[in-house]
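A.B. asks: Everything below, folded, please.
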Amino acid sequence: MTLRYGIRAADAAAHLFRVTVQVPRPDPAGQRFLLPAWIPGSYLVREFARHVIRVRALSGTKPVAVEKTDKHTWRCAPLPAGRPLTLAYEVYAADPSVRGAFLDRTRAFFNGTSVFLLPCGYRDAPCLVDLFAPEEAALGAWRVATGLSPAQGTRAGGFGTYRAANYDELIDCPVAMGSFLVERFSCCGAAHEIAVSGTVARPDLGRFAADLARVCEAHVRLFEPRRAEAPFDRYHFLVQTSEDGYGGLEHRNSTALITRRGDLPARGMGSSTDGYRRLLGLASHEYFHAWNVKRIRPAAFLRVDLERENYTSLLWVFEGFTSYYDDLALARSGLLAPAQYLDLLARTVNAVQQRAGRLRQSLAESSFDAWIKYYRPDENSPNSGVSYYQKGALVALALDLLIRRESGGRRSLDHLMRLLWHRWRDAGARYEGVAEDAIGPAIREATGVDVRIPLRDWVHGTKDPDLARLLPSVGLELVAAPALESPHDALIGIRLAAGGARIANVFDGTGARAAGLSAGDEIVSLDGLRADSPARLDALLARYLPGEQVELQVFRGDDLLRLPLQLSRRPPQQWRIVASQRPAAAALRLRRSWLGAGAVEPAAIRR
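C.D. replies: Numbers count the residues shown, from 1 in each chain. Okay, the predicted model is just below:
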């Protein structure tokens, strides 16, 4: 039995999709339908069903009673055997992120988890999807970009019928509609397409495609150094540009990305900008997920429960390791000079080291609690938790350096990733996923190095990876950096909300905490001088020394408070990663095998 869906941009001004699902043989006891409560890859219950409107059911032309039975489930009245059932409904689509559904007169985008109700009991049934062209004449030039396969004579990129092997594939292939800028390239035998939505001045998509091809090949060859085969025939980068946006979500043969329009390369641009390198890193991260989480999976994610949380303590591997390899691939493919790559590593070191939360929550706990903490940060999050992305990346770095050192350069973290990949590739339908306690034994199997104690300390405990002892093995050093990048952070111990002097976070163990400052306080002055913007506050703080006494005036609600505060005597330490003065020849060889052929001598970024 094949399920057939239909979706149309029915009212772009009102952000409404009209959706149908046809069930040829509904449950005789009354067919149930559900909409997923979350989207795989983003670990938060998002309650997509709150946007479903006007659910109606028909069998032929006859109405069928339908009732809602819980927050995301509907049940239709029983029908005689052989009578088909069609459910029709509308979906309000005004979420501009990569996780939901969006529709206006400039573009349309949706994930299946936001729009396609699942007939319960038919999750494994094949699906057809009719993507109807918008009814508004002004949208007549729109096209389609999706990882779904065209069916029944539909041309790729056109409106028409698409197919999915089952519901899980259907909801893992987002759909974008609009007037795109399109560029294509081939990598390791797989076709790749970039579809860019939004207005961009003088974009150089040819350069973007050429650079992405290098990144994609680096990832393919990491997992398949001999065969160099991608795990898909085609891949789609669905890129939405905005004035100030950033984010991505991985899928089996595509990714949805949001980037600032200024981060795309412009024609005639010389050296790469920070924004462009950030965009390449984002695309690299989501592409690596095509192996690490979409195929190599925690055992807990083999067949996810779409109605509730799915717990694992391994997100430090599936997100943290991916965060390690995203920029590493740029360095290995020559898109980051070694010094630039080391600067990015140092930023991650500083981001983790400067927050007390890393001493209160382990990486395993951070992974397990993603559902209630990571996607719902509050003003105390820096003091109470640690990011499985950032510290997970540092643990991946430390494990990689440790394995390379202990094996004399014969093994690396790459060998672990290949082992996990080959287990998926060779097991087929018998794949059992990655067990919660499997990483240590897998590293031992892949490399011969015993990492039980480091994993106990770095992952299940709260110790920091000892990079100062590990970096010299590749001819690098972790050194103190004197500069204060943010005086109000370093000297007072606060983070300000964007666009003003309102306090977003107060950090433990700082003068701000001792003085009684709270998140939400709005700074007015420092020692009687106006300090109502980050620039004014930092300019004043530049005239003070660590340990000096000041007075802050703040509004807490409507109350003006005068709070004496002692500036930090020892501002948070900044770190840099630099080349050793006289590295051993063995260390240089390890660095070359780690970062690639250009890892020893500084190299300019291409073009």
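
A.B. asks: packing partners for the lengthiest helix in the chain?
C.D. replies: If you go by DSSP state H, the chain has its longest helix at helix 205-223. Other helices and strands packing on helix 205-223, by 3 or more C-beta pairs under 8 Å, 6 or more residues apart in numbering; DSSP states H and E, are strand 181-187, strand 190-197, helix 274-288, helix 322-332, helix 413-427. Every C-beta, even on glycine, is put in place using the N, C-alpha and C of the backbone.

A.B. asks: For whichever helix or strand comes after that helix, buried residues please.
C.D. replies: If you walk from helix 205-223 toward the C-terminus, the next helix or strand you reach (DSSP states H and E) is strand 234-242. By neighbour count with 16 or more other C-beta atoms under 10 Å, strand 234-242 contains the buried residues 234-241.

A.B. asks: how far away is E365 from T255?
C.D. replies: 28 Å (C-beta to C-beta, to the nearest Å).

A.B. asks: R56: which element?
C.D. replies: strand 52-59.

A.B. asks: Quick one: list the elements packing against that strand.
C.D. replies: By 3+ C-beta pairs under 8 Å, 6+ apart, strand 52-59 packs against strand 62-64, strand 66-70, strand 85-92.

A.B. asks: Mind exporting the C-alpha coordinates of stretch 3-17 to CSV?
C.D. replies: Extracted in CSV, the C-alpha atoms of stretch 3-17 (Å, rounded to 0.1, in the frame of the first residue of the first chain):
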residue,chain,number,x,y,z
LEU,A,3,0.4,6.6,1.0
ARG,A,4,-0.2,9.7,-1.1
TYR,A,5,0.3,13.2,0.1
GLY,A,6,-0.4,16.5,-1.5
ILE,A,7,0.8,20.0,-0.4
ARG,A,8,0.2,23.4,-1.9
ALA,A,9,1.1,26.9,-1.0
ALA,A,10,-2.5,27.9,-0.6
ASP,A,11,-2.3,31.4,0.9
ALA,A,12,1.2,32.9,1.0
ALA,A,13,0.1,36.1,2.6
ALA,A,14,-1.5,34.2,5.4
HIS,A,15,1.4,31.6,5.6
LEU,A,16,-0.9,28.7,5.0
PHE,A,17,-0.1,25.3,3.3
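
A.B. asks: which residues touch it?
C.D. replies: 18-23, 53, 90-94, 101-105, 108, 110, 115-116, 119, 122, 125-136, 139, 167, 170, 177 (C-beta atoms under 8 Å, 6 or more residues apart in numbering).

A.B. asks: Provide a ChimeraX selection command restricted to the buried entries of the residues you listed.
C.D. replies: Selection of buried members from these for ChimeraX, criterion 16+ other C-beta under 10 Å:
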select :18,19,20,21,22,23,90,91,92,93,101,102,103,108,110,115,116,119,122,125,126,127,128,129,130,131,133,134,139,167,170,177
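
A.B. asks: per-residue confidence averaged over the longest helix of the chain?
C.D. replies: Helix 205-223 comes out with an average pLDDT of 98.

A.B. asks: out of the helices and strands packed on strand 52-59, nearest to R543?
C.D. replies: Across those, R543 has its closest neighbour in strand 85-92 (52.5 Å, C-beta to C-beta).

A.B. asks: need the next SSE after the closest one, C-terminal direction.
C.D. replies: Following strand 85-92 toward the C-terminus (DSSP H and E): strand 101-103.

A.B. asks: Just after that next one, pick out the following helix or strand.
C.D. replies: Following strand 101-103 in sequence, per DSSP H and E, is strand 107-110.

A.B. asks: That next one pairs with which strands, and in what direction?
C.D. replies: strand 101-103 (antiparallel), strand 175-178 (antiparallel) (DSSP bridges).

A.B. asks: would you turn the ones you listed into JSON lines with distance to R207 and mean pLDDT?
C.D. replies: Output for the strands paired with strand 107-110, formatted as JSON lines (distance: least, C-beta to C-beta, whole Å; pLDDT from 0 to 100):
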{"stretch": "strand 101-103", "distance to R207": "28", "mean pLDDT": "98"}
{"stretch": "strand 175-178", "distance to R207": "22", "mean pLDDT": "98"}
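
A.B. asks: among those, which is nearest I492?
C.D. replies: The nearest among the strands paired with strand 107-110, by C-beta to C-beta, is strand 101-103 at 39.3 Å.

A.B. asks: now the helices for the stretch 351-500 of the chain?
C.D. replies: Taking DSSP state H, counting those that start in this stretch to define them, one finds helices in the stretch 351-500 of the chain at 363-368, 381-384, 390-406, 413-427, 439-447, 452-458, 467-470, 487.

A.B. asks: between these, which gets nearest to K294?
C.D. replies: Distances from K294 to each of the helices of the stretch 351-500 of the chain were compared using C-beta to C-beta; the minimum, 9.9 Å, belongs to helix 413-427.

A.B. asks: Show me which of E365 and T255 is the more surrounded one.
C.D. replies: T255 (25 against 17; other C-beta atoms under 10 Å).

A.B. asks: Identify all contacting residues around the helix or strand bottoming out on mean pLDDT in the chain.
C.D. replies: One helix or strand of the chain scores below all others by mean pLDDT, DSSP states H and E: helix 487, with a mean of 89. The contact list for helix 487, computed with C-beta under 8 Å, 6+ apart, reads 537-538, 541-542.

A.B. asks: Highest neighbour count among those?
C.D. replies: Neighbour max across those (other C-beta under 10 Å) = L537, 24 neighbours.

A.B. asks: Quick check: phi and psi on the nearest residue to that residue once chain neighbours are set aside?
C.D. replies: Leaving aside its sequence neighbours, L537 sits nearest to A531 (C-beta to C-beta, 6 or more residues apart in numbering; 4.2 Å). Main-chain torsions, A531, degrees, to the nearest 10: phi -140, psi 50.

A.B. asks: just checking, A531 touches S525?
C.D. replies: Yes. Using C-beta atoms under 8 Å, A531 makes contact with S525 at a distance of 5.3 Å.
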